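Asker: sequence? don't have it. structure:
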C-alpha cells in the first residue's frame with residue numbers, strides 16, 4: 001500500500017521471528033503471536049512510515065478500531081479452541097521496542113503467567129505444538145474471514 005510520499009509498506013523484521021502470518025484485513029496485516037501461553041493477535045496497519053495512531057487518517061483509525069474488535073473475537077475463539085477460555089482482552093499499542101505502528105490484542109486469564117500485570121517481559125515465550133498452532137491459525141483465520 002503506497003504511503004503519501006510514495007513509499008511502500010514493509011513489515012518490520014522483528015515480527016516474522018515472533019509471530020505467524022494470518023493474512024491481510026482491509027487495513028492491517030494480522031499475525032498470531034508465537035507464544036502458546038496466550039491467545040494473542042498483532043495487527044500492523046499497512047501504512048508506510050506509521051508509528052503512532054495519529055499517523056493514520058480518521059477513516060483508517062476507525063477501520064483499525066473495527067479490526068481490533070474483530071481480532072478480539074478471534075482471540076476469544078482461539079482461546080476456546082485451545083481449551084483456555086479468555087476471561088479478559090488486553091489491547092495495547094506500545095511500540096517502544098518495535099517502532100512500526102502495531103496493536104496487540106491479548107487474551108488473558110486469571111491463571112496466566114503474567115496475571116494481573118502486562119504480558120511483556122514476563123517469562124519466556126512458549127512455542128506452540130504443531131497441532132495447536134494449526135488449530136489456532138485456522139480458528140483465527142476463520143473468525144477474521146481470512
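Answerer: Structure's in. What do you need? Fair warning: this is a prediction, and the values are worked out from it, not measured in the lab. Numbering: from 1, shown residues only.
Asker: could I get the buried residue list for stretch 90-98?
Answerer: The neighbour-count check on stretch 90-98 (16 or more other CB atoms under 10 Å) flags residue 90 as buried. Backbone N, C-alpha and C define where each C-beta goes, glycine included.
Asker: go on, stretch 109-128?
Answerer: Residues 109, 112, 114, 119, 128 are the ones in stretch 109-128 that count as buried (16+ other CB under 10 Å).
Asker: mean confidence for it?
Answerer: Averaging pLDDT along stretch 109-128 yields 94.
Asker: which parts of the protein are helices?
Answerer: 58-81, 130-144 (DSSP state H).
Asker: winner for burial among those helices?
Answerer: Of the helices of the chain, the one with the most neighbours on average (mean count of other CB atoms under 10 Å) is helix 58-81, at a mean of 18.
Asker: what's the most distant pair in the buried residues of stretch 109-128?
Answerer: For the buried residues of stretch 109-128, the maximum inter-member distance is 17.8 Å, found between 114 and 128 (CB to CB).
Asker: ok, and the closest non-adjacent residue to the most centrally placed residue in the chain?
Answerer: For the chain, the residue nearest the mean C-alpha position is residue 42 (1.3 Å; CA atoms, centre = their mean). Computed as CB to CB, 6 or more residues apart in numbering, the closest residue to residue 42 that is not its neighbour in sequence is residue 31, at 4.7 Å.
Asker: repeat that for residue 142.
Answerer: Leaving aside its sequence neighbours, residue 142 sits nearest to residue 77 (CB to CB, 6+ apart; 7.5 Å).
Asker: ok, now residue 141?
Answerer: In space, and not counting its chain neighbours, residue 141 is closest to residue 22: 5.7 Å by CB to CB, 6+ apart.
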